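J.: Got a predicted structure here, sequence first:
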Amino acid sequence: MFDNLMFPGVLVDKWQMMQWERIGLTGVLARMRPRGALEVGVYHGGSLSLTSQYAEHIIAIDIDPEVPSRFACPENVDLRIGSSEELVPRALADFEARGMPLNFVLVDADHSAAGVRRDLELILAYRPTAPLVILMHDSGNPETRRGLLSVDWAANPHLHFFDCDFIPGQIIEHAVTETSGEIWGGLGLAYLEATPRAGAPEIRQSARTSIRCLHHCAPDLTMLPR
């Protein structure tokens, strides 16, 4: 009942976000009301079915050829199957060709440090023509976090703000699953504007102390360097 109240029309059954992440994503989308949106990583379409309620046009990318068979794709979604390395630049070029600003991106695909960095650097090659929010899921996971923090955010003149812990991650405690004791979840957020910033960007790890404590509590994971 709660899901039906808070997320009507959203595919919540296999949506791998916690309630607070879902609310955070909803809040960002409600404020941004994006014309153009890009989702990298689709899985079972949970976040995509939410984004489709707020965005005018979405390009969604996933490498898994089984994705289109998992759910009915919303009419305003252009679902593309293939590698992000190939399809992200094409998607950005398509938005430019349409004369449509890209206002929202969700990155939730390859969770390796190298993969996260690659996807973000491809996205940051885009020059925004309007306010743009990039959300990055699983920012609390050590490997994903290393990827986020390895990006040279300050090198992008349009980046005004980045917080690795817009919503902090947490230890997942499902005793019978392989992810027991691992740290997942969390949303990093980057905010870009068409106008280049003056001076240095604001770059944060708002929950760094808490995340380091979580890493310490998970015996199979190493702590991040300071």
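T.: Now that the structure is in, tell me what you want to look at.

J.: alpha carbons only for contacts and neighbour counts from here, please
T.: Will do.

J.: counting contacts, what elements does the one helix or strand D78 maps to pack onto?
T.: For D78, the host element (DSSP states H and E) is strand 77-81. When contacts are defined as 3 or more Cα pairs under 8 Å, 6 or more residues apart in numbering; DSSP states H and E, strand 77-81 packs onto strand 57-62.

J.: The strand it packs on versus strand 77-81: what angle between them?
T.: Interaxial angle, strand 57-62 versus strand 77-81 (axes from the mean of the first three to the mean of the last three Cα atoms, to 10 degrees): 20 degrees.

J.: Strand partners (parallel or antiparallel) of strand 57-62?
T.: Neighbouring strands of strand 57-62 in its sheet, by DSSP bridges, are strand 36-40 (parallel), strand 77-81 (parallel).

J.: Please identify the buried residues of the helix or strand following the last one?
T.: Heading C-terminal from strand 77-81, the first helix or strand you meet, by DSSP H and E, is helix 84-98. Judged by neighbour count using 16 or more other Cα atoms under 10 Å, the buried positions of helix 84-98 are S84, L87, V88, A91, L92, F95, E96.

J.: for the chain, what's the longest strand?
T.: Within the chain, and with DSSP state E defining each element, the longest strand by residue count is strand 159-167.

J.: For that one, name the packing helices and strands.
T.: Under the contact definition 3+ Cα pairs under 8 Å, 6+ apart, strand 159-167 sits against helix 19-32, helix 142-150, strand 187-192, strand 202-204.

J.: what's next to the last one, contact-wise?
T.: Read that as strand 202-204. With contact meaning Cα atoms under 8 Å, 6 or more residues apart in numbering, strand 202-204 is reached by H160, F161, F162, D163, C164, D165.

J.: Who wins on neighbours among the residues you listed?
T.: The residue in these with the most neighbours, by other Cα atoms under 10 Å, is C164 (27 neighbours).

J.: Would you check how far apart that residue and L48 are?
T.: 22 Å (Cα to Cα, to the nearest Å).

J.: can you list the helices and strands packed on strand 159-167 in TSV and add mean neighbour count and distance to V12?
T.: TSV is the format used below for the helices and strands packed on strand 159-167 (neighbours: other Cα atoms under 10 Å; distance: least, Cα to Cα, whole Å):
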stretch	mean neighbour count	distance to V12
helix 19-32	15	10
helix 142-150	20	23
strand 187-192	23	18
strand 202-204	15	30
